[in-house]
Structure formats: structure tokens, C-alpha cells
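Enquirer: Please find the sequence and the predicted model below.
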Amino acid sequence: MSITIHPTAIVSPRAELGEDVQIGPYTIIGDEVILHDRVRVAAHCVIEGPTEIGEETVIFPFASIGQIPQDLKYKGEPSRVLIGRRNRIREYVTIHRGTEGGGGVTVIGDDNLLMVQAHVAHDCHVGNHVIMANGASLAGHVRVEDHATLGAYVGVHQFCRIGKYAFVGAYAVVVKDVLPYSLCAGNHARCYGPNTVGLRRKGFTEEQRRAIDRAFHLLLSSKLNTTQALEALRRELGHIPEIQDLIAFIETSQRGIVK
């Protein structure tokens, strides 16, 4: 195996390193850390275990991963961080371990970009192809679905969900669930309709986009309440997978939805 560890780095003998791992100057790799093949860890990073990081993930200087949660109920119980493949974790990003009450694990999927100073708190679940811009922060127990984008310094309240393909504008404060395919912004965040530009860039067909447009019209502009809008969605568009996802997201919301 070709492993490169700078002489000033400290790597625990209880860490597991895959092939072609590179660890930069003054970085600390703690006990029970697993770095899979071709992981790159730059200078001045701290990774504490139990933490597992997937293939080809790149971690930039001063990132801190696997520290104990910022939860006063945490009493030292076992918990961990699980990070997938091909992620880009930029400078000063912080990712904390889970808690017993939240399932014990913080999860980040594949192909995500976490920009400078982004924060992922305990028990969060981040999907795949997610972008968190500079300073975006997730409080505990937040779920971010695939292909969502959070702008700079977005703050997401505990237990909220961000739906798939949603775009949340910079400096937004999110205290309810953000609908899939939506565009939200503001303090507190408000929904301004579908994420039209993002959906086009992601390859959604014109038919799919028209159906999503109609769904948001019923939810936001038709003067129907949410229950009535859902009934209309089932009648008109219930056969379309994207609308089925939207309905299921609303019906399973615990905190209410951003409208």
C-alpha cells in the first residue's frame, strides 16, 4: 500500500488507512478512524473516531471531524460519524458525532461539497450531491435530501428537513421543513415557488417542470388550504413520481412546511 504521512502528523496506531491515503502536516488522526482508499487529508486537520470516511474524499486544512456533540445531554455514550465517497470538505468545516437520543450517528453521503466554515451537528443526515455554501449550519437532527443546495450562512433549526432539489438562499433562517424542488429565502424562510433554474440544470424534462409548477401553484397561490391542495394534487398529478414525493414529504412533516 502506498500511504503518505507527513512526519509532523500524528496518526493513532488504532486508525485504519486504505491504499494511497495522504495525510498532511500537523494533522491528527485519532483512534477508531477509518480512511478508505485515496482519501486526502490536508494540513492542520483533526479527525477523531469513531469516524469512517469513504474513498476519494478530500479534506482541506483546519477541518474538524468526529468531535463530541454540542449537546448538554451527551454523557460520553458511543457514537460516530459516517462519511461517504468523493466528498469535498473545505477549510474550517466541523462535523460532530451523533447522540444516543438521535440514533448515535451523523451521516454524510456521497459527492457532496461542504464549503468553508460549514457545520453539520450531531445526528444530521446529509444525502448525496448536496452543496452547503460558506458558513451554512445544520443544528442537530436535521435531514438534507439529495441534490439540495444551502446558500451562504443559512441556519437550519433542529429536526427540520430540507427536501430534494431544494434551493435555500443565503442567510435564510429555516424553522420548518423546506419542500422538495422549492426555492426558499428570508428570515424566517418563505417559499417563492419551484427551484426553476436548478431543476432545468439538473435535467428535469419540460413535462416534469410543468407538473411541479402546477403543484406549487396549488400549494401556494390557489387559496386552498394544505389539505385541500393535497387532494387536488392527488386528483390532477398523483401519477407523477415527483408529485408523489412532494405529497409524501408534506404528509410526514413534523414541524410543518415553509410556505
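Expert: Structure's in. What do you need?

Enquirer: Give the helix, strand or coil label for Asp37.
Expert: coil (DSSP: H, G, I helix; E, B strand; the rest coil).

Enquirer: actually Val81, sorry about that
Expert: Secondary structure state of Val81, per three-state DSSP, is strand.

Enquirer: from memory it sits against Ala63, does it?
Expert: No. In this structure Val81 lies outside contact range of Ala63 using C-beta atoms under 8 Å: 11.9 Å. Backbone N, C-alpha and C define where each C-beta goes, glycine included.

Enquirer: who's more crowded, these two?
Expert: Counting neighbours by other C-beta atoms under 10 Å for Val81 and for Ala63 shows that Val81 has the greater number, 26 against 23.

Enquirer: and that one, bridged to which residues?
Expert: According to DSSP bridges, the residues that bridge with Val81 are Thr51, Thr106.

Enquirer: repeat for Ile28
Expert: When bridges are called by DSSP bridges, Ile28 pairs up with Ile10, Val46.

Enquirer: Show the model's pLDDT score for the closest residue in space to Ala133 that isn't next to it in sequence.
Expert: In this structure, Ala133 finds its nearest non-sequential neighbour in Ala152, 4.4 Å apart by C-beta to C-beta, 6 or more residues apart in numbering. Note on Ala152: pLDDT of 98.

Enquirer: contacting residues for Ala152?
Expert: Residues in contact with Ala152 (C-beta atoms under 8 Å, 6 or more residues apart in numbering) are 115, 133-136, 170-171.

Enquirer: downstream neighbour of the longest helix along the chain in the secondary structure list?
Expert: In the chain, assigned by DSSP state H, the helix with the most residues is helix 206-220. Sequence-wise, the next helix or strand downstream of helix 206-220 (DSSP states H and E) is helix 226-237.
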